[in-house]
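1. sequence unknown, structure follows:
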């Protein structure tokens, strides 16, 4: 299977690092308007560099293209690739508004191509293990979750992250990881309540999701954090709690109530040494879905719903009151 990459920034380089490692995949060109960046990524996966998508498509004739461009450029590229019958792996978020996201989804369906969106958190081992433990009832019926994602203010090549019309801001670009994950655990969202604080150097958002099954998740996202990139989550049920902090442990910490001890039993689920990173597993999974025609762990529909929730959060922050998700259905 011939796989190309368009966009050789941070994520494009991550894809280039992993793509040649996938069995049966042939790297088929890297495209970026910056030739130096394109050549650097192409060298990483031992393929050719291009500055024109048309030239790449004509010369390489890929089966799949990985779209690693700024969010505001996703739609036009996806629509072009879909019309040419090329499968697409696109970085998150799928689009900046729900109308564009749905058009992209419909175009891929119309032309019979697969559209995968890179909500990679589903492939991180600690998050995946926690989701499985919730599903298995290890902490009983999980009802409350809190998720945090803090990092420095990202620096795009042309400062596009600072332009909310291009990036969507901290909720759409960063917190959307945890929006997708919370929905994967608890199901469909009923209402959203949010607040945002921002300046030229930071943007902080606090979002509460109320789910149709009465579960609650609170999410915090922070651009401009002065410390190391940090992710945390707590998921609580009537029998215990699952906790993770990326700065404290590489293991998943599960505390389950014990009938014999007041403090309960501490169960460590170790993170096994990983031969590959989560981006590799995500790409390999999407490639497998194309080969076998199977349903992905995270679908284009999931990606559309994550965008809808992010937009509801933005509207809630603007209005200063909860927003019902029916408005975005």
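-> Received it, and whenever you're ready, just let me know what you need. Keep in mind that what you see is a predicted model, and the values were worked out from it rather than measured.
2. what about stretch 246-261, average pLDDT?
-> Stretch 246-261 shows a mean pLDDT of 60.
3. next: stretch 142-155.
-> For stretch 142-155, the per-residue pLDDT averages 94.
4. list the buried residues for it?
-> 142-143, 145-151, 154 (16 or more other CB atoms under 10 Å). No exception for glycine: its C-beta is placed from N, CA and C like everyone else's.
5. dump the residues you listed into a markdown table; add secondary structure and distance to residue 71 as well.
-> Converted to a markdown table, the buried residues of stretch 142-155 look like this (DSSP: H, G, I helix; E, B strand; the rest coil; distance: CB to CB, whole Å):
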| residue | secondary structure | distance to residue 71 |
| --- | --- | --- |
| 142 | strand | 31 |
| 143 | strand | 33 |
| 145 | strand | 26 |
| 146 | strand | 26 |
| 147 | strand | 21 |
| 148 | strand | 22 |
| 149 | strand | 17 |
| 150 | strand | 20 |
| 151 | strand | 17 |
| 154 | coil | 12 |
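6. tell me which of the residues you listed is nearest to residue 178?
-> Relative to residue 178, the closest of these is residue 147; by CB to CB it sits at 4.1 Å.
7. about what we covered before: now the two most distant members of the buried residues of stretch 142-155.
-> So, these by CB to CB: farthest apart are 143 and 154, at 33.2 Å.
8. any idea which of the buried residues of stretch 142-155 is closest to residue 42?
-> Using CB to CB, those come closest to residue 42 at residue 154, 23.7 Å.
9. skipping adjacent residues, who's closest to the closest one in space?
-> residue 161 (4.5 Å; CB to CB, 6 or more residues apart in numbering).
10. contacts only, for that neighbour.
-> Residues near residue 161 by CB atoms under 8 Å, 6 or more residues apart in numbering: 153-155, 167, 173, 223.
11. go again with 7 Å.
-> Residues counted as contacts of residue 161 (CB atoms under 7 Å, 6 or more residues apart in numbering) are 153-155, 167.
12. what pLDDT, on average, does the strand or helix carrying residue 194 get?
-> Under the criterion of DSSP states H and E, residue 194 resides in strand 189-198. The average pLDDT within strand 189-198 is 98.
13. output the contacting helices and strands for that strand.
-> strand 203-211, helix 300-319, strand 323-324 (3 or more CB pairs under 7 Å, 6 or more residues apart in numbering; DSSP states H and E).
14. adding mean neighbour count, write these out as TSV.
-> Below are these laid out as TSV (neighbours: other CB atoms under 10 Å):
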stretch	mean neighbour count
strand 203-211	21
helix 300-319	22
strand 323-324	18
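15. export those as a markdown table, with columns for distance to residue 189 and mean pLDDT.
-> Formatted as a markdown table, the helices and strands packed on strand 189-198 follow (distance: least, CB to CB, whole Å; pLDDT from 0 to 100):
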| stretch | distance to residue 189 | mean pLDDT |
| --- | --- | --- |
| strand 203-211 | 5 | 98 |
| helix 300-319 | 5 | 98 |
| strand 323-324 | 10 | 98 |
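16. list the buried residues of stretch 229-246.
-> Buried, per 16+ other CB under 10 Å, within stretch 229-246: 231-237, 239-244, 246.
17. ok, back up a step: just the ones of the contacts of residue 161 in strands?
-> Assignment to strands by DSSP state E places none of those there.
18. quick check: the two most widely separated of those residues?
-> 155 and 167 (11.5 Å).
19. beyond the helix or strand bottoming out on mean pLDDT in the chain, next helix or strand please.
-> Across the helices and strands of the chain, mean pLDDT, DSSP states H and E gives its lowest value to strand 265-269, namely a mean of 28. From strand 265-269 onward toward the C-terminus, using DSSP H and E, the following helix or strand is helix 278-292.
20. and the contacts of that next one?
-> Taking CB under 7 Å, 6+ apart as the rule, helix 278-292 contacts 1, 14-15, 18-19, 21-22, 25, 64, 87, 89, 114, 116, 118, 120, 123-124, 294, 296-297.
21. for stretch 211-226, same thing?
-> Contacts for stretch 211-226 (CB under 7 Å, 6+ apart): 143-154, 170-171, 174-175, 178-179, 182, 186-190, 201-210.
22. which parts of that stretch are buried?
-> In stretch 211-226, counting by 16+ other CB under 10 Å, buried: 211, 215, 217-225.
23. how's this protein carved up into domains?
-> Structural domains assigned to the chain are 2-119, 121-278+306-328, following automatic domain parsing.
24. quick check: which of those is buried the most?
-> domain 2-119 (a mean of 20; mean count of other CB atoms under 10 Å).
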